[in-house]
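Student: Need the 3D shape of this:
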Amino acid sequence: MKIQTLILSSLLAVSVSMVPVMAQAQNVNKRLQNQNNRIKNGVKNGELTRNQTDRLRSNDARIRSQELRDKSKDNGKLTGGERKQLNKELNRNSKAIYRDKHDAAAHGG
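Tutor: Coordinates of the predicted model:
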C-alpha cells in the first residue's frame, strides 16, 4: 500500500510540475495568435499598409522560429531567460502593431 501511495504521489508531482512548462509554451503561442488576429483586423479595416503588414508578420515569424530553436535545444522546453527574451520581442512587436494601426499618415488621416 505504501509503494502504491509513493508511486501515485510521484506521478502526481511530475504531472503538476509539467503544467507550468505547457502553460508557458501556450502563452507564447496564444500571444502570437492574438497578434496575428490584430494584424488581420488592421488589414481588414485598412489601418495597415502592405509594407507594415509584411514587416509585422515577419517579426512574428522570426519570434516563432526563435521559440522553436530554443525549444529544440532543451527537449521542447524554454528556459526562464529564453521565455523572458521571447516576451520582450512579443512586447516590442505588439507595440509596433499598435503604433502602425494608429499611424494616421499610413491611411490618409
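Student: So the closest residue in space to Gly42 that isn't next to it in sequence, which state does it fall into?
Tutor: Distances taken as Cβ to Cβ, 6 or more residues apart in numbering place Leu48 nearest to Gly42, at 3.8 Å, with adjacent residues excluded. The C-beta positions use only the backbone N, C-alpha and C, and glycine is treated the same way. At Leu48 the chain is in coil, as set by DSSP: H, G, I helix; E, B strand; the rest coil.
Student: Just give me the neighbour total for Leu48.
Tutor: For Leu48, the neighbour count with other Cβ atoms under 10 Å is 24.
Student: And for the one 10 residues further on?
Tutor: For Ser58, the tally of surrounding residues (other Cβ under 10 Å) stands at 11.
Student: Flag the shaky bits of the chain, pLDDT-wise.
Tutor: 1, 4-26, 104-109 (pLDDT under 70).
Student: now the strands for it?
Tutor: Using DSSP state E, the chain contains no strands.
Student: Okay, buried residues for stretch 89-99 please.
Tutor: 89-90, 93-94, 97 (16 or more other Cβ atoms under 10 Å).
Student: Outside of stretch 80-96 itself, list whatever touches it.
Tutor: 24, 28, 31-32, 35, 38, 55-56, 59-60, 62-63, 66-67, 70, 78 (Cβ atoms under 8 Å, 6 or more residues apart in numbering).
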